[in-house]
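Q: okay, structure incoming, though there's no sequence with it:
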């Protein structure tokens with residue numbers, strides 16, 4: 001099997017790192033409530049089990065997806081790619 005040669009663009013970015021963040025929900029609460037929380041506290045988010053998680057790369061929304069479990073890890077299955085607006 002022949003390997004495809006990498007393009008100039010692929011070579012230019014192959015070692016660039018990005019920070020990925022996944023948001024499964026949000027919650028606003030007073031700081032005094034947050035400070036009173038201890039181990040085992042539960043924070044109820046504004047999302048339901050069926051809602052998509054939002055995937056950010058360097059704080060820019062790039063995709064939405066479903067949270068899933070793969071062995072011992074949490075993973076995201078991408079359901080929608082977000083096309084840039086800039």
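A: Right, received. Where do you want to start? Small disclaimer: the values here were computed from a predicted structure and weren't measured.

Q: contacts, neighbours, all on C-alpha from now
A: Will do.

Q: low pLDDT regions in the chain?
A: 1-3, 85-86 (pLDDT under 70).

Q: what about the helices in the chain?
A: For the chain, the helices defined by DSSP state H occupy 8-13, 31-36.

Q: grab the most central residue of the protein for me.
A: In the chain, the residue lying closest to the centroid (C-alpha atoms, centre = their mean) is residue 22, at 2.1 Å.

Q: can you give me the strands for this structure?
A: Along the chain, the stretches classed as strands by DSSP state E are 20-23, 53-57, 60-70, 73-81.

Q: who's the closest residue to residue 24 other than its chain neighbours bridged to?
A: Once flanking residues are discounted, residue 24 sits nearest to residue 53: 4.6 Å by C-alpha to C-alpha, 6 or more residues apart in numbering. For residue 53, the beta-bridge partners are residue 65 (DSSP bridges).

Q: I figured residue 53 hits residue 62, correct?
A: No. With contact defined as C-alpha atoms under 8 Å, residue 53 does not reach residue 62; the gap is 11.2 Å.

Q: looking at the two, which is more packed in?
A: Set residue 53 next to residue 62 and count neighbours by other C-alpha atoms under 10 Å: residue 53 wins out with 21 against 16.

Q: could I get the contacting residues of the more buried one?
A: Contact analysis of residue 53 by C-alpha atoms under 8 Å, 6 or more residues apart in numbering lists 22-25, 64-67, 76.
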